[in-house]
Every structure is written in C-alpha cells, then in structure tokens.
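Enquirer: Sequence isn't available, so here's the structure alone:
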Ligand SMILES: O=c1ccn([C@H]2C[C@H](O)[C@@H](COP(=O)(O)OP(=O)(O)OP(=O)(O)O)O2)c(=O)[nH]1
Ligand SMILES: [Mg+2]
C-alpha cells in the first residue's frame, strides 16, 4: 500500500541512493545531502545552511511533503531542520532542499550522502472560508494554553 511518486534526479545526485523507508512502517524516507564529495559543509554552532538533495518530485494533488528532522542526528549533534516541518507543495517542481541549523555546541560537518532529514508525505485539506456571525459552542470554549491543568 504505497503511492508512486514521479521523481527526477539531478546530476549531482545521480550516484546517491533514492530515499527509502528504512523499515516497512517508517513514516518517512531519509533525504541525503547532495553536496559535492570534495566540498563538505561545516556548520558552526548557531549557523544555518540550505542543503541540496538533488531530487525533484511531483506529489499528487492533495498531498504535501513534510521535511522533518532525524532524531538521531538532532540528539547526537544538535543539527535539526530550521523550518521544521518544511513544506513541499504538490505543485513545486524545483529541487527539494533542506534548511539545517546547528543548535549544538560543536561544529558539525555535513558530507555528501549523509542522511540529513526525512520526508513524510501527508494528505492535507484545501480550505475556503465560510464567514459566520457565531461559532458552534464547545466544552473547551475559549480555554487554551494550559487551561486544562498541568498534571
Ligand atoms: O524545507 C523546504 C521548504 C520548502 N521547499 C520548497 C518546496 C516548497 O513548495 C517551496 C516553497 O516553500 P514555502 O511555501 O515553505 O516557502 P515560502 O517562503 O512561502 O516561499 P514561496 O513564496 O515560494 O511559497 O520551497 C523546500 O525545498 N524545502
Ligand atoms: Mg509559501
């Protein structure tokens, strides 16, 4: 039960393996850095960068791609996705890129082929607005931001 998604690989990703589900029920597929072999990128603490994946995809209408951090990389190094979750629109035909930031205290080197993030494809609802005078009441009402207590 999977969705076939058209993909093209740019020349700088030609020898990189395609993103795959690491286990049968992994939600995401890992995205690899398509940086030049001889030009790894060192992220100093607090620095951010946009990393190419060398991939272009055509998601079906009604789907989006979510670019999410990898927990292992985040916990080990402090490198995470700056705009998490990044949004890949179904009508985007450019290269998928990953905005990374180093929230750790040590420099981290991003090398070609490194798995830097994961892409989750999800369905979304298109919306249009129905402006009304009053909204249907609910038990929660206007309570939020901790209104139900902390334990
Ligand atoms: O992590 C990301 C986020 C976005 N994109 C690409 C695909 C997406 O469809 C497009 C626009 O993203 P978004 O809407 O988040 O950016 P924006 O700043 O609102 O740009 P735009 O005005 O082009 O929508 O950029 C990526 O490759 N990686
Ligand atoms: Mg936008």
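Expert: Looks like it came in fine. Since we're looking at a predicted model, the values are computed, not measured. Numbering: from 1, shown residues only. Ligands and ions are numbered 1, 2, ... in the order given.

Enquirer: contacts and neighbour counts: CA atoms only from here.
Expert: Noted.

Enquirer: Can you name the residues in contact with stretch 35-47?
Expert: 12, 49, 51-53, 101-113 (Cα atoms under 8 Å, 6 or more residues apart in numbering).

Enquirer: Which residues belonging to it are considered buried?
Expert: 35, 41, 43, 44, 45 (16 or more other Cα atoms under 10 Å).

Enquirer: try stretch 112-123
Expert: Judged by neighbour count using 16+ other Cα under 10 Å, the buried positions of stretch 112-123 are 112, 113, 115, 116, 117, 118, 119, 120, 121.

Enquirer: Contact residues of the protein facing ligand 1?
Expert: Residues of the chain that fall close to ligand 1, judged by Cα under 6 Å from any ligand atom: 67, 86, 87, 88, 89, 92, 96, 97, 98, 99.

Enquirer: rerun that using 5 Å as the cut-off
Expert: 86, 87, 88, 89, 92, 96, 97, 98 (Cα under 5 Å from any ligand atom).

Enquirer: so which of the residues you listed is the most crowded?
Expert: Among the residues of the chain next to ligand 1, residue 98 has the most neighbours (other Cα atoms under 10 Å), with 27 neighbours.

Enquirer: Now do the contacts for that residue.
Expert: Neighbours of residue 98 in contact, by Cα under 8 Å, 6+ apart: 50, 51, 52, 53, 67, 81, 86, 116, 117.

Enquirer: And residue 56, by the same measure?
Expert: Applying Cα under 8 Å, 6+ apart, the residues near residue 56 are 7, 8, 9, 10, 93, 94, 95, 96.

Enquirer: Closest to the centroid, which residue in this protein?
Expert: Centroid check for the chain by Cα atoms, centre = their mean gives residue 67 as the closest residue, at 0.6 Å.

Enquirer: Please verify my assumption that it contacts residue 87.
Expert: Yes. Counting by Cα atoms under 8 Å, residue 67 does reach residue 87; the two are 6.4 Å apart.

Enquirer: Mind checking what secondary structure the most far-flung residue of the chain relative to its centre has?
Expert: Here the chain reaches farthest from its C-alpha mean at residue 133, the gap being 38.0 Å by Cα atoms, centre = their mean. Secondary structure, DSSP: H, G, I helix; E, B strand; the rest coil: residue 133 is coil.

Enquirer: so how far is ligand 1 from it?
Expert: Distance, residue 133 to ligand 1, by Cα to the nearest ligand atom, to the nearest Å: 31 Å.
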